[in-house]
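Novice: Build me a model from this:
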Amino acid sequence: MTDLKTMQADKRTQAGEARGGARRIDDIVLRARDISHGYDGEEILTEVSLELRRGELVTVLGLSGSGKTTLFNILAGLTVPDRGTVSAESKIGYLMQKDLLLPWKRLIDNISLPLRLSGVPRREARERAAKFLPRFGLRGLERRWPSQLSGGQRQRAAILRTRMYGGEIMLLDEPFAGLDALTREEIYLWLTDLRREYNLTILLITHDIEEALSLSDRVLVLAAGHPTTLHPALEIQAPVSSRDMAEKRQALRRMLFTDREGRLFAAYRRDR
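Specialist: The predicted structure is shown next:
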């Protein structure tokens, strides 16, 4: 079993290779500036700004209902913000909380759906999608229905379908929430390798602090309460000692319960 320190060291090495060394301003592939948005007269997000650099994996943490999915919908272009701008250097693939595999389509047709929607003929779309099946751990499963797949296989299929949209930027909304612990660890390692191989840039929502620490180059935390904004990013520099890990874990927990004015919610104090 790969331990957390080894996994983080591998992640940092691979991310550095993918970026080709030091970060530069022209490495930025996704930028949001001063995003504000609300519903029914209530402002949910206020002045949210972020930048993603090529090859990074950045996680977004936030309490339930904090606005994480609203932010992703804006970044993906599904929601127009009340104020602010979003710019991207490539297409954006977006995997929502549920894998949304179509139960009446076999695996190969689910995966090739983005190609079909862009006008690629069915046979060609299937052939192009089939080339990725071995790398995504789906060899030999082309004819299976979604109901015949394991949780891990469904998630790999959903991530591959997201990748088939053609961009190098992927937004993943709690992609591992429904998986058991062993499957999650396997998927973590697989995703880390996949990111290096395809030079992917990934922004990932999670409720799990350990997941954020394991996978991330940086962690972004949405402040508690509404309207919310992002706290300053927490950089994850490997290797991480047990003491450093404990300090980062505590820092993230504190940020989760701190509002944008710096006030600490009572729930955090009771939980200590």
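
Novice: Which positions within stretch 83-91 qualify as buried?
Specialist: Buried residues in stretch 83-91, defined by neighbour count with 16 or more other CB atoms under 10 Å: 84, 86, 88, 89. Any C-beta I mention is one placed from the backbone N, CA and C, and that applies to glycine too.

Novice: what does stretch 246-261 give?
Specialist: For stretch 246-261, the neighbour count (16+ other CB under 10 Å) marks 248, 252, 253, 255, 256, 257, 258, 259, 260 as buried.

Novice: Next step: those restricted to strands.
Specialist: Among those, DSSP state E puts none in strands.

Novice: and which of these is nearest to residue 229?
Specialist: residue 260 (4.9 Å; CB to CB).

Novice: separation between the closest residue to residue 140 other than its chain neighbours and residue 120?
Specialist: Leaving aside its sequence neighbours, residue 140 sits nearest to residue 133 (CB to CB, 6 or more residues apart in numbering; 7.9 Å). From residue 133 over to residue 120 the distance is 17 Å, taken as CB to CB, to the nearest Å.

Novice: who's more crowded, the two?
Specialist: More crowded of residue 133 and residue 120, by other CB atoms under 10 Å: residue 133, with 19 against 16.

Novice: can you tell me how far the more buried one sits from residue 180?
Specialist: Where residue 180 is concerned, residue 133 sits at a distance of 23 Å (CB to CB).

Novice: What of residue 104?
Specialist: Residue 104 is 27 Å from residue 180, by CB to CB.

Novice: Out of the buried residues of stretch 246-261, which is nearest to residue 37?
Specialist: Using CB to CB, the shortest approach to residue 37 within the buried residues of stretch 246-261 belongs to residue 260, at 14.8 Å.

Novice: thought the closest one was touching residue 223?
Specialist: Yes. The pair residue 260 and residue 223 qualifies as a contact (CB atoms under 8 Å) at a distance of 4.2 Å.

Novice: between these two, what contacts are shared?
Specialist: residue 229 (CB atoms under 8 Å, 6 or more residues apart in numbering).

Novice: What about the buried residues of stretch 246-261, which are in helices?
Specialist: 248, 252, 253, 255, 256 (DSSP state H).

Novice: Worst mean pLDDT across the helices and strands of this protein, which element?
Specialist: Lowest on mean pLDDT, DSSP states H and E among the helices and strands of the chain sits helix 4-19, with a mean of 48.

Novice: And stretch 222-229, how far out from the chain middle?
Specialist: In terms of CA atoms, centre = their mean, to the nearest Å, the centre of stretch 222-229 is found 19 Å from the chain centre.

Novice: now what about it, what contacts it?
Specialist: Applying CB under 8 Å, 6+ apart, the contact partners of stretch 222-229 are 36, 38, 42-48, 60-63, 66-68, 71, 230-231, 255-260, 265.

Novice: Sort out which of these are buried, if you could.
Specialist: Buried members of these, scored by 16+ other CB under 10 Å, are 36, 38, 44-46, 48, 60-63, 66-68, 71, 230-231, 255-260.

Novice: What distance do you get for residue 49 to residue 88?
Specialist: 15 Å.

Novice: ok, now residue 163?
Specialist: Applying CB to CB, the value for residue 163 to residue 88 is 16 Å.

Novice: Then residue 128?
Specialist: Distance check for residue 128 against residue 88: by CB to CB, it reads 23 Å.

Novice: just residue 159 next, same as before
Specialist: From residue 159 over to residue 88 the distance is 19 Å, taken as CB to CB.

Novice: One more: residue 226?
Specialist: According to CB to CB, residue 226 and residue 88 sit 26 Å apart.

Novice: what sits opposite the residue nearest in space to the middle of the chain in the beta ladder?
Specialist: By CA atoms, centre = their mean, the chain has its centre lying nearest to residue 204, at 1.7 Å. Beta-bridge partners for residue 204, by DSSP bridges, are residue 59, residue 172.
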